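> structure of the sequence below:
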Amino acid sequence: MNLGQLTNINEEFVNNYKKYGYKTKTQLANEAISLLRLAKAKQNRTEWLNHGFEELDDTAPDVAFKSIEGEDFK
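Presented below is the predicted three-dimensional model:
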């Protein structure tokens, strides 16, 4: 696998793959990429939710959240 130029600390980590319990560098890279992909998906979901909350922040509350008054409610 050719990843290009890694930083010294990352290259040292990859070269010590057996120390971390991996049989191959590819196994280490696959797990690292899977974890990064999941972290990015979580980050994107959080950003999406925050954007949605920002859009709703300036709106008036829905009818369902108005106070209950009148004879219909006892």
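> now do the SS call for Ala29.
helix (DSSP: H, G, I helix; E, B strand; the rest coil).
> count of neighbours near it?
15 (other CB atoms under 10 Å). Using the backbone N, CA and C atoms, a C-beta is placed for each residue, glycine as well.
> against Lys19, how distant is it?
Look at Ala29 and Lys19: by CB to CB, to the nearest Å, they are 15 Å apart.
> kindly report the same for Asn44.
32 Å.
> repeat that for Leu38.
From Leu38 to Lys19 the distance is 24 Å (CB to CB).
> so where's the chain uncertain?
1-3, 60-74 (pLDDT under 70).
> tell me where it has helices.
Using DSSP state H, the helices of the chain run over 8-15, 25-57.
> report all helices and strands that the last one contacts.
Helices and strands touching helix 25-57, by 3 or more CB pairs under 8 Å, 6 or more residues apart in numbering; DSSP states H and E, are helix 8-15.
> which other residues reach the helix it packs on?
Leu6, Tyr20, Lys25, Leu28, Ala29 (CB atoms under 8 Å, 6 or more residues apart in numbering).
> how about the first one: what's its closest non-neighbour residue?
Here the nearest residue to Leu6 in space, its sequence neighbours aside, is Val14; by CB to CB, 6 or more residues apart in numbering that works out to 6.7 Å.
> report how many residues lie close to the one you found.
If we define neighbours as other CB under 10 Å, then Val14 has 17 of them.
> ok, now Thr46?
Neighbourhood size, Thr46 [other CB under 10 Å]: 10.
> from Lys25, how far off is it?
Counting by CB to CB, the gap from Thr46 to Lys25 is 31 Å.
> what residues are up against Trp48?
No contacts exist for Trp48 under CB under 8 Å, 6+ apart.
> how near is it to Leu36?
18 Å.
> also Glu55?
29 Å.
> same deal with Lys19?
As judged by CB to CB, Lys19 and Leu36 stand 20 Å apart.
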